[in-house]
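In: give the three-dimensional model of this entry:
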Amino acid sequence: MTNPENNHYFPLPPLLLDFKEHCCITPDNEQHYLSPMEFMLLSELDIGFQTTDELAIRLAHKLRREQQEKGGKWDGSISHEHVWEIISRIKEKIGPQYIEKRVRFGYRIATPKQFQG
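Out: Here you go, the predicted model:
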């Protein structure tokens, strides 16, 4: 990732994720407990999927795989509206600055207006 103002590479502050506890530790050492779905989406943002549609597909795939591992079956779907709702909840819990940095610098998360055609 580069800073668009001076084109120099800079690292984003890491969000430390603990999959067992669904705990996110922000760079200021604050601990925030997230739901499994919020945690899953936040980890996908760090990977860098680009649109809410891609995030929705990815989350649905993970949920199906998780259910299969537990011997169950899930045939549901996740819409980009669901993704926006989850992003909003994450912003409320950990603060918007950690999400917005990922959106602004390199992670292009589509806005709802882009889906209104």
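
In: from here on, contacts and neighbour counts on C-alpha atoms
Out: OK.

In: where does pLDDT dip in the chain?
Out: Within the chain, the segments meeting pLDDT under 70 span 1-21, 46-50, 100-117.

In: can you show me the helices along it?
Out: Applying DSSP state H to the chain gives helices spanning 36-47, 52-69, 80-94, 96-104.

In: okay, these in JSON lines with mean neighbour count and distance to Thr26 next?
Out: Shown next, in JSON lines, are the helices of the chain (neighbours: other CA atoms under 10 Å; distance: least, CA to CA, whole Å):
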{"stretch": "helix 36-47", "mean neighbour count": "17", "distance to Thr26": "12"}
{"stretch": "helix 52-69", "mean neighbour count": "17", "distance to Thr26": "22"}
{"stretch": "helix 80-94", "mean neighbour count": "17", "distance to Thr26": "7"}
{"stretch": "helix 96-104", "mean neighbour count": "15", "distance to Thr26": "8"}
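
In: and the ones you listed: which comes nearest Glu30?
Out: Nearest to Glu30 among the helices of the chain is helix 80-94 (8.4 Å), distances taken as CA to CA.

In: taking helix 52-69 as reference, get the angle to that closest one.
Out: On the basis of axes from the mean of the first three to the mean of the last three CA atoms, to 10 degrees, helix 80-94 is oriented at 90 degrees to helix 52-69.

In: now the angle between helix 36-47 and helix 80-94, please.
Out: Orientation of helix 80-94 against helix 36-47 (the same axes, to 10 degrees) gives an angle of 90 degrees.

In: contacts for helix 80-94 next, please.
Out: 26, 32, 34, 37-38, 41-42, 52-53, 55-56, 96-99, 112 (CA atoms under 8 Å, 6 or more residues apart in numbering).

In: cool, stretch 54-67 as well?
Out: With contact meaning CA under 8 Å, 6+ apart, stretch 54-67 is reached by 40-41, 44, 49, 73-80, 82-83.

In: so can I have a markdown table of those residues showing distance to Arg89?
Out: Converted to a markdown table, the contacts of stretch 54-67 look like this (distance: CA to CA, whole Å):
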| residue | distance to Arg89 |
| --- | --- |
| Met40 | 13 |
| Leu41 | 11 |
| Glu44 | 15 |
| Phe49 | 19 |
| Lys73 | 26 |
| Trp74 | 23 |
| Asp75 | 24 |
| Gly76 | 21 |
| Ser77 | 19 |
| Ile78 | 16 |
| Ser79 | 16 |
| His80 | 14 |
| His82 | 11 |
| Val83 | 10 |
